[in-house]
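K.L.:
Sequence first, then the predicted structure:
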Amino acid sequence: MVFGGIGKAIIDISTRLLMSYSYAALFVIAIASSSTIFLPVPFAIVVFLAPLPPIGMNPLLVGIVAGAGSTIGEFTSYFLGAGSKAVIEKRRKKETFVKLTKFFKKYGFIALAVTAFIPFPFDAVGITAGMSAYDVRKFFLATLMGKIPKFVLIAYSGLFATPYLHTVADWLVKSIF
């Protein structure tokens, strides 16, 4: 219940920031929410709500700005992986890193793009990419190619689904009571 209160507070603060500072606030919120490693922040909800009144942002621009900011925020996991490689390499077999490197050379770009798009704990993938010394420019581009479409889809979903959500909620209330 405490986390629910924190999530609601984050959404309330985000809404106020978006109303005051628009796309700049969205960019900063995206960076901050993706910079947290293994700590869920309800950023997708912020993206879902951004095109709606009273904020009323353009859903395409919301997706692009949120995707770019989120991609930059993911560098924390990438650099955590890159920085921890030497420590972990001492405790694990070197062949594990050889396998990771081969995997990322062969499938890295597509794996990063797909996992950035789907609801998946991307931090683990970012850490793994950093540990395998995957090219940082390719990491950025692949992550961007997954994040932008994801957030465009979420923003448009918020814009188009909200009237139907009210209808479904009304129907559920009438059906139950």
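P.N.:
Arrived safely.

K.L.:
tell me, which helix in this protein spans the most residues?
P.N.:
helix 136-176 (DSSP state H).

K.L.:
Distance from that helix to the middle of the chain?
P.N.:
A distance of 12 Å separates the centroid of the chain from that of helix 136-176, by Cα atoms, centre = their mean, to the nearest Å.

K.L.:
Helices along the protein, start to end?
P.N.:
2-35, 43-49, 59-73, 75-91, 94-117, 122-131, 136-176.

K.L.:
got those as CSV, with mean neighbour count and mean pLDDT columns?
P.N.:
For glycine as for every other residue, the C-beta is placed from the backbone atoms N, C-alpha and C. Listed next are these as CSV, based on neighbours: other Cβ atoms under 10 Å; pLDDT from 0 to 100:
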stretch, mean neighbour count, mean pLDDT
helix 2-35, 16, 86
helix 43-49, 23, 91
helix 59-73, 23, 98
helix 75-91, 15, 85
helix 94-117, 16, 87
helix 122-131, 22, 91
helix 136-176, 16, 87
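
K.L.:
So which other helices or strands are in contact with the longest helix of the chain?
P.N.:
Packing partners of helix 136-176 (3 or more Cβ pairs under 8 Å, 6 or more residues apart in numbering; DSSP states H and E): helix 43-49, helix 59-73, helix 75-91, helix 94-117, helix 122-131.

K.L.:
between those helices, which one is nearest to residue 29?
P.N.:
Within the helices and strands packed on helix 136-176, the stretch nearest residue 29 is helix 43-49; the backing value is 6.3 Å (Cβ to Cβ).

K.L.:
contacts for that closest one?
P.N.:
The contact list for helix 43-49 (Cβ atoms under 8 Å, 6 or more residues apart in numbering) reads 7, 11, 14-15, 18, 26, 29-30, 33-34, 55, 62-63, 66, 70, 151, 154-155, 157-158.
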